[in-house]
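Student: I'd like to go over a predicted model; first the sequence, then the structure.
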Amino acid sequence: MSKNSTFCTGNDMFRSSYSSDQGYPKYEYGNRQARYYNNHDASGLCNMAFTSGKWYWEYIVKAGGNSNGMIISMGIADGNIYVKNNTGGGDGTLTGEIGLDSRDGEVRKDNSVTKTYSELSGKIQNGNIVGVAVDADNGAIYYSLNGTFMGSGDPTSGASKTNAGATWTPSGQTWYPSVSVQGGTQPILIMNFGQDSTFMGETTAGSSDDGTFGSFKYSVPTDFKAICTGNMPTSTDIDPAATDDDIPGKQLTCFAYTGNGGSQSITGFNFKPDFLFFKSFDQVHDWNVFDSTRGVQKYLVPNDTDNETTDSNSVTSFDTDGFTTGSSSRINTNSALYQVFACKANGGTTSSNGTGDITSTVQANTKAGFSIVKWTSNNSSNQTIGHGLTKAPKLIISKPYTTGNWSWHVFIHYLGSVGNWTLNESSGGFTSSTNTYGAMPTSDVFTVGAPGNLMPNNSTTDVVSYCWHDVDGLQKFSTYTGTGQSIDGPYVHTGFLPRVLIYKRPGSGSWVYIAWQDGTISNTSYQNGRYNPIFQQLKIDSNGSRVQNQDVVFMANGFKIINNDSDSNLAGVTYPYLCWGNTAPFKLNNPM
């Protein structure tokens, strides 16, 4: 038996734009067995994903073997591209997937044959066990048949990728194990990601393990691991198993409270916050941003272009377990319901950073991948600014705040160096060369481009930039692709239970803000079929009160879209998302 961990299984919540239930496996026995409709092409993805590492798993053919018309295809698929293209295939004939055609031994990547195995030149038999070894670090996949890697493939060959079934250049793809069948007579496959080498009694137990948690029928290549929660990547900087001081719950939170119209201390954060992002749920109030670099009582308005304003009755102190507020109606109207998203930087202690062309004032939390950067624009082209982090930011939100009433500017890495959005409106991204951040950020600096009437570097004014990068188990900034399907929209793997999610439709879509809060505000509505959605949403570019849409379900390792409105799930549309979590990483969590 395997050691204590939660293992990868089939994922019946991962759906594509293909609407027929027959296009997906029917999962049974804890989602470890995949049963297929008679003579129907069907493809499914599993419930854990990876962008790096070396991974091994096995499948056994329980039924449907020895059939001329059946293709059993095991492999991997990029989740976003699967959503766009899946029509029940899964054998590598679609862009973004790699699969094995068991009928003729061909491995296909993006519909190109990359390898042909003579060992699979005929029909696959019931009882055959196919092993899959994926080296995501080097970009290679290998297949074994009953314990022997086919085509003399060598998964341990690293960068040389000796006789790999298919290869690619790693570029941060999120790969999901796929389990697919085409044709055949009532095929059944059983998956073993390390939980049971007998495949639920279909064969005798194997004696091989991966050195950590997994138990397999055949030998696991050196350094390859089982896909399970215990092996999921989590930054050691915030891993509860490695530290007591920097765990996710001490890096960020989303908290709810009720205003009292006077002065009150909001506590229960478990850390001293440096960044506070406010909004009343039930009132038509502006958003507010406070940070400990600019200091107490000074707020900015994300849904507007206003310069910084001082209000002595607003946030009066950043405290060891939260903050204290005065009687300001912006954040403490009597009986109004508020939520605040809070992050820790460096306790208000700043330092001068002279790495770039413009000297900045920085306080950084490098373990949590967050920094607050204050700098003064100089109206010059392609100026670099030090951000204080150890990795290139994937999200930068900047606001010139002392003169000019300029917009907020949002850099999201997938757009590249040309293109950014304004936070205070629902317009599409800028594409003009005069309206860019100038270049992709590096591990030391970000760049603001040519001076123009929309960029943070447009005049001599003070600018604050909030910078984040991905941290495994804590936060992720990426994209998902809409399916257009209601109820069964795309599932998005983050590697943690979300606490705050923001997404935006390109073009004229609003910034949708969804949070799972501690405190006094109810989080979910009612059961909607299979799902219990978080139904309270806010629009960041609006001062309006909450909108009670049922669009999103938060899960232990990601989120699922369950609506097909234009803000969240148009078919084929790429939606950027910003996601933070502060519970135990999925490595230490239960499955979804």
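Tutor: Received the coordinates, thanks.

Student: In contact with the spatially most central residue of the chain, which residues?
Tutor: The geometric centre of the chain, computed from its C-alpha atoms, lies nearest to residue 494 (Cα atoms, centre = their mean), at 3.4 Å. Neighbour list for residue 494: 476, 557, 558, 559, 579, 581 [criterion: Cβ atoms under 8 Å, 6 or more residues apart in numbering]. Any C-beta I mention is one placed from the backbone N, CA and C, and that applies to glycine too.

Student: Out of those, flag the one nearest to residue 37.
Tutor: Distance to residue 37 across the contacts of residue 494 (Cβ to Cβ) is lowest for residue 558, with 26.9 Å.

Student: Pick out the lowest-pLDDT one from the contacts of residue 494.
Tutor: Within the set of the contacts of residue 494, pLDDT is lowest for residue 557 (83).

Student: That one reaches residue 491, doesn't it?
Tutor: No - using Cβ atoms under 8 Å, residue 557 makes no contact with residue 491, being 9.6 Å away.

Student: quick one on the thing from earlier: okay, the contacts of residue 494 in a markdown table with neighbour count and distance to residue 221 next?
Tutor: Output for the contacts of residue 494, formatted as a markdown table (neighbours: other Cβ atoms under 10 Å; distance: Cβ to Cβ, whole Å):
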| residue | neighbour count | distance to residue 221 |
| --- | --- | --- |
| 476 | 25 | 29 |
| 557 | 26 | 25 |
| 558 | 29 | 28 |
| 559 | 25 | 33 |
| 579 | 24 | 33 |
| 581 | 31 | 32 |
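
Student: Of those residues, which belong to helices?
Tutor: Of the contacts of residue 494, none are assigned to helices by DSSP state H.

Student: Return the member of those residues nearest to residue 65.
Tutor: Nearest to residue 65 among the contacts of residue 494, counting by Cβ to Cβ, is residue 557 at 32.7 Å.

Student: re the thing from before, make JSON lines from the contacts of residue 494 and add distance to residue 287 to it.
Tutor: Putting the contacts of residue 494 into JSON lines (distance: Cβ to Cβ, whole Å) gives the following:
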{"residue": "476", "distance to residue 287": "23"}
{"residue": "557", "distance to residue 287": "29"}
{"residue": "558", "distance to residue 287": "26"}
{"residue": "559", "distance to residue 287": "22"}
{"residue": "579", "distance to residue 287": "19"}
{"residue": "581", "distance to residue 287": "22"}
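
Student: Toward the C-terminus, what is the element adjacent to the helix or strand bottoming out on mean pLDDT in the chain?
Tutor: The helix or strand of the chain with the poorest confidence is helix 79-85; it has a mean of 63 (mean pLDDT, DSSP states H and E). Per DSSP states H and E, the first helix or strand lying C-terminal to helix 79-85 is strand 97-101.

Student: who does that next one pair up with?
Tutor: Strand 97-101 has its sheet partners listed here by DSSP bridges as strand 71-78 (antiparallel), strand 106-109 (antiparallel).

Student: Please identify which of those strands is closest to residue 288.
Tutor: From these, taking Cβ to Cβ, the stretch that ends up closest is strand 71-78, at 38.8 Å.

Student: Run through who's touching the closest one.
Tutor: Residues from elsewhere that reach strand 71-78 (Cβ under 8 Å, 6+ apart): 43, 45, 59, 61, 64-65, 89-92, 96-103, 107, 124, 130, 132, 134, 141, 143, 173-184, 187, 189.

Student: what about that strand, average pLDDT?
Tutor: The pLDDT scores in strand 71-78 average 83.

Student: Stretch 361-379 too?
Tutor: Computed over stretch 361-379, the average pLDDT equals 95.

Student: Endpoints of it, how far apart?
Tutor: 18 Å (Cα to Cα, to the nearest Å).

Student: what about the residue nearest to the centre of the chain, distance to residue 48?
Tutor: 12 Å (Cβ to Cβ, to the nearest Å).

Student: Between the two, which contacts overlap?
Tutor: Counting by Cβ under 8 Å, 6+ apart, the residues touching both residue 494 and residue 48 are residue 557.

Student: quick one: which of the contacts of residue 494 is nearest residue 550?
Tutor: The closest of the contacts of residue 494 to residue 550 turns out to be residue 559 (Cβ to Cβ; 13.1 Å).

Student: Okay, and the beta partners of that closest one?
Tutor: In this structure, residue 559 bridges to residue 492, residue 554 when assessed by DSSP bridges.

Student: list the contacts for it?
Tutor: Counting by Cβ under 8 Å, 6+ apart, residue 559 touches 491, 492, 494, 498, 501, 552, 553, 579.

Student: please redo it, this time with the cut-off set to 7 Å
Tutor: 492, 494, 498, 501, 552, 553 (Cβ atoms under 7 Å, 6 or more residues apart in numbering).

Student: pLDDT at the fifth one, what is it?
Tutor: Looking at residue 552, its pLDDT reads 87.

Student: Kindly report the same for the third one.
Tutor: pLDDT, the model's per-residue confidence, is 92 for residue 498.

Student: That one against residue 553, yeah?
Tutor: No - judged on Cβ atoms under 7 Å, residue 498 makes no contact with residue 553 at a distance of 9.8 Å.

Student: Compare these two (neighbour count), which wins?
Tutor: Set residue 498 next to residue 553 and count neighbours by other Cβ atoms under 10 Å: residue 498 wins out with 28 against 22.

Student: and the more buried one, what does it touch?
Tutor: 516, 554, 559, 579, 581.

Student: who's the fourth one bridged to?
Tutor: If I follow you right, that is residue 579. In this entry, residue 579 is beta-bridged to residue 476, residue 501, by DSSP bridges.

Student: so what's it up against?
Tutor: With Cβ under 7 Å, 6+ apart, residue 579 has these contacts: 475, 476, 494, 498, 501.
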